[in-house]
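1. Structure, please.
(2 chains)
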Protein chains: 2
Amino acid sequence: MKFNLLHTDKHSKARVGELHTDHGSIETPIFMPVGTAGTVKAVHQRELTNDIEAQIILGNTYHLYLRPGLNVLEQAGGLHKFNGWQKPILTDSGGYQVFSLVNSRKLTEAGVIFKSHIDGSSHLFTPENVMDTQRTIGADIIMAFDECTPYPCDYNYAKNSVALTHRWLNRCINRFNETEPKYGYEQALFPIVQGSVYKDLRIQSAEYIANKNCVGNAIGGLSVGEPAEDMYAMTKVVTAILPTDKPRYLMGVGTPVNILESIALGIDMFDCVMPTRNARHGLLFTSNGIINIKNEKWKNDFSMLDENGTTFVDKEYSKAYLRHLLVCNELLAAQVASIHNLGFYLWLVKQARVKILEGTFVEWKNKMVIMLAQRL
Amino acid sequence: MKFNLLHTDKHSKARVGELHTDHGSIETPIFMPVGTAGTVKAVHQRELTNDIEAQIILGNTYHLYLRPGLNVLEQAGGLHKFNGWQKPILTDSGGYQVFSLVNSRKLTEAGVIFKSHIDGSSHLFTPENVMDTQRTIGADIIMAFDECTPYPCDYNYAKNSVALTHRWLNRCINRFNETEPKYGYEQALFPIVQGSVYKDLRIQSAEYIANKNCVGNAIGGLSVGEPAEDMYAMTKVVTAILPTDKPRYLMGVGTPVNILESIALGIDMFDCVMPTRNARHGLLFTSNGIINIKNEKWKNDFSMLDENGTTFVDKEYSKAYLRHLLVCNELLAAQVASIHNLGFYLWLVKQARVKILEGTFVEWKNKMVIMLAQRL
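-> Here you go, the predicted model:
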């Protein structure tokens, strides 16, 4: 797996690159739709490819480990063969879900014992078995098993947690290096910078991670409830340290505004459930601002969903029709809105890429962040 | 609107025809997917057109009248413009829903007063206003307002009900003839034969309806819980009377077996929620029989959904993957299974048409009804 940094903006730290994997190349900056249980909710695989033009999707290790389970995934020949998605897949480590979804868990040096949110059964995640699990899922990009601290998090907890995440990282790297891909294509391990909102911890963690010389690096523990200013400040601290010739992935971020601001800080990769989750609640992101399609004002608005939109739903369905679908709890509402929002996110990062190459990114970004935050 | 009867089978009463409407031609026999609230659940309009190859869909007057309501539909320019479906639409009269969905209703000579199942508000449906409503929805084919008797139904009730349905039909025809299409394309009214499972009432009703000389005729009040033998017996009685040069529509039918048997009895048009509703519960209809995808046996079956299937889902998703989606309550499960089932229903009627033209329909049908009823 190889990352080519093609261009860095003169007026910001924004970058344009290409990440080459055995399942195809990814043009950065990129947004990665989240396919929790091996499906991006309400979206067909061919719609992801042809309409949304996704280049890489996420799978959640925690969910896939529980269902369909590793036996099924291994017999299928990995997640790509199981769900029919031909392009790259990144899996998270399950750490975030273990700390956010699960009520009952026990954290030790060895790992985390937790109870499934589905049936209450007990499971153990360790740095080692999480590497094995992601090998079996067959992700192109495997994430290190870390502790994702909540917000707020006191300094001492965050400090000890970073140290644990670093010790776990060494175990992840050892196990990763001792094992082979299962399905014939290359898999890469990305370590994760932690440190909550504490600058010194972020610096320490970024330096530790940078020294591991992995194919790419991630920033975790942000977008967990802290003010956006803290998120940007921490991102800025970390991107100043992480190597420039490796892709940087800001985990779980974010709104369209968050994404543009973070691109300006030198981030290359993003994922977030927001475009799909908000779609299911009728919130549409557009280049003119945010639409809450449930509002009465759209009831008689027969204009197309988004005149600037790039997907078929934007030109084939009206605002009034989508509102009707949503009000009636029709499944098609989630389908239409999810395709729209994901199409918009992919358009946004593609536009950012064009603007960076043109040298007009900062100017464009400063205009866009005002438009994007408007409520229509 | 014009129906051309192209061929009648020598060995059965099966027929091949073409129904020409201002929104395009329909090749009969045909199955019409049900789009209750202006959407065939979980299916995009372009999938209906390109993948399922639907030629006409249904809308439910009761549902559309309540939501989005006639104001919105009229401002949109009718349902075709509202939902983006370009081909013909048939609307039922709302009678069936008023009698099946609603707990509180009062039937009089004038019409039916009922309370909405959504908000409890009171509404009145009369033969006249139901014609107006379907004019406003903009259906190509408008159904008469009838009383759909339940099963079982005692003879005297059924007899009085048929008489009421006939009186209402006259009012429907009068109103229909006094009014004009609202959106510039032709609308046709189909009357409905009733009479429960009583041969003499069915004969009387079929003769009454036949004499009205409408563009097409429908058979209602079947597939409401009676044994299949009764349904076939009543259908046979009625198709012997209805004019051969008009299309016959058997309302709310049915399983793939029901459809083939009814084609053999001279039926041209069908609708049913079964392919979409059963899809959402994981029941797939295939040319080899019925699959309950939730069954453990499909957990590790990575073969494609249906090797004989005609839609993209049959070739792009495996049985194990669909099972996983359904077990996880993923929206994509309903999407995949609905496209499969509707694609199968459309394939089935298209195959029937080919076999009728070839003169091999009965032989083929007799083999198919055994296969289709198998549990895989």
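2. ok, the closest residue in space to A:Asp301 that isn't next to it in sequence to A:Thr286 distance?
-> Distances taken as CB to CB, 6 or more residues apart in numbering or on different chains place A:Lys319 nearest to A:Asp301, at 4.4 Å, with adjacent residues excluded. All C-beta spots, glycine's among them, are computed from the backbone N, C-alpha and C. As judged by CB to CB, to the nearest Å, A:Lys319 and A:Thr286 stand 11 Å apart.
3. interface residues of the stretch 1-150 of chain A facing chain B?
-> Counting by CB under 8 Å from any CB of the partner chain, the residues of the stretch 1-150 of chain A close to chain B are A:37-39, A:41-46, A:63, A:67-68, A:71-72, A:75-77, A:81-84.
4. What segments of the stretch 201-350 of chain A are strands?
-> With DSSP state E, counting those that start in this stretch as the criterion, the stretch 201-350 of chain A has strands at A:217-219, A:248-250, A:269-272, A:283-286, A:289-292.
5. Identify the single longest helix in chain A, thanks.
-> helix A:331-358 (DSSP state H).
6. got the buried residues for it?
-> Buried residues in helix A:331-358, counted by 16 or more other CB atoms under 10 Å in any protein chain shown: A:331-353, A:355-356.
7. what does the average pLDDT come to for that helix?
-> Averaged across helix A:331-358, pLDDT comes to 98.
8. Report the distance from stretch A:200-208 to the chain centre.
-> How far stretch A:200-208 lies from its chain's middle: 22 Å, per CA atoms, centre = their mean, to the nearest Å.
9. And it, what's buried?
-> Neighbour-count burial for stretch A:200-208, with 16+ other CB under 10 Å as criterion, is recorded at A:201-206, A:208.
10. Export those as a markdown table, with columns for pLDDT and distance to chain B.
-> Below are these laid out as a markdown table (pLDDT from 0 to 100; distance: CB to the nearest CB, whole Å):
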| residue | pLDDT | distance to chain B |
| --- | --- | --- |
| A:Leu201 | 98 | 37 |
| A:Arg202 | 98 | 36 |
| A:Ile203 | 98 | 41 |
| A:Gln204 | 98 | 40 |
| A:Ser205 | 98 | 34 |
| A:Ala206 | 98 | 37 |
| A:Tyr208 | 98 | 37 |
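11. and which of those is nearest A:Pro150?
-> Distance ranking of the buried residues of stretch A:200-208 against A:Pro150, using CB to CB, places A:Leu201 first at 14.8 Å.
12. what's the nearest residue to that closest one if we skip its chain neighbours?
-> A:Leu201 sits nearest to A:Gly195 (CB to CB, 6+ apart), 3.3 Å away.
13. ok now do the one you found, which residues does it touch?
-> A:158, A:162, A:201-206, A:221, A:234 (CB atoms under 8 Å, 6 or more residues apart in numbering or on different chains).
14. swap the cut-off to 7 Å and go again
-> A:Gly195 is in contact with A:158, A:162, A:201-202, A:204-205, A:221, counting by CB atoms under 7 Å, 6 or more residues apart in numbering or on different chains.
15. Give me the local confidence score for A:Cys26.
-> Just to correct that, residue A:26 is Ile rather than Cys. At A:Ile26, pLDDT is 98.
16. Next: A:Val98.
-> Listed pLDDT for A:Val98 reads 85.
17. mind checking the SS state of it?
-> Put simply, A:Val98 is helix when judged by DSSP: H, G, I helix; E, B strand; the rest coil.
18. Just the pLDDT at A:Asn103, thanks.
-> With respect to pLDDT, A:Asn103 has a value of 76.
19. what do you get for A:Glu53?
-> For A:Glu53, the model assigns a pLDDT of 98.
20. For the nearest residue to it once chain neighbours are set aside, give me its contacts.
-> In space, and not counting its chain neighbours, A:Glu53 is closest to A:Leu346: 5.3 Å by CB to CB, 6+ apart. By CB under 7 Å, 6+ apart, the contact list for A:Leu346 reads A:31, A:52-54.
21. Pick the one among these closest to chain B.
-> Nearest to chain B, judged by CB to the nearest CB, of those is A:Ile52 at 13.6 Å.
22. Is that closest one in contact with A:Gly343, as I believe?
-> Yes - contact criterion CB atoms under 7 Å: A:Ile52 and A:Gly343 qualify, at 5.0 Å.
23. what sits in contact with each of those two?
-> Counting by CB under 7 Å, 6+ apart, the shared contacts of A:Ile52 and A:Gly343 are A:Thr311.
24. returning to that earlier point: would you list the strands of the stretch 201-350 of chain A in JSON lines and tack on mean neighbour count, distance to chain B and mean pLDDT?
-> What follows is those, written out as JSON lines (neighbours: other CB atoms under 10 Å in any protein chain shown; distance: least, CB to the nearest CB, whole Å; pLDDT from 0 to 100):
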{"stretch": "strand A:217-219", "mean neighbour count": "27", "distance to chain B": "26", "mean pLDDT": "98"}
{"stretch": "strand A:248-250", "mean neighbour count": "27", "distance to chain B": "25", "mean pLDDT": "98"}
{"stretch": "strand A:269-272", "mean neighbour count": "24", "distance to chain B": "18", "mean pLDDT": "98"}
{"stretch": "strand A:283-286", "mean neighbour count": "22", "distance to chain B": "17", "mean pLDDT": "98"}
{"stretch": "strand A:289-292", "mean neighbour count": "18", "distance to chain B": "17", "mean pLDDT": "98"}
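25. circling back: determine which two of the contacts of A:Gly195 are furthest apart.
-> A:Gln204 and A:Gly221 (13.5 Å).
26. The residue of the stretch 101-250 of chain A found nearest chain B: what's it in contact with?
-> Among the residues of the stretch 101-250 of chain A, A:Ile118 lies closest to chain B, at 9.1 Å counting by CB to the nearest CB. A:Ile118 makes contact with A:Leu66 under the criterion CB under 7 Å, 6+ apart.
27. and if we set it to 10 Å?
-> For A:Ile118, the contacting residues are A:63, A:66-67, B:327-328, by CB atoms under 10 Å, 6 or more residues apart in numbering or on different chains.
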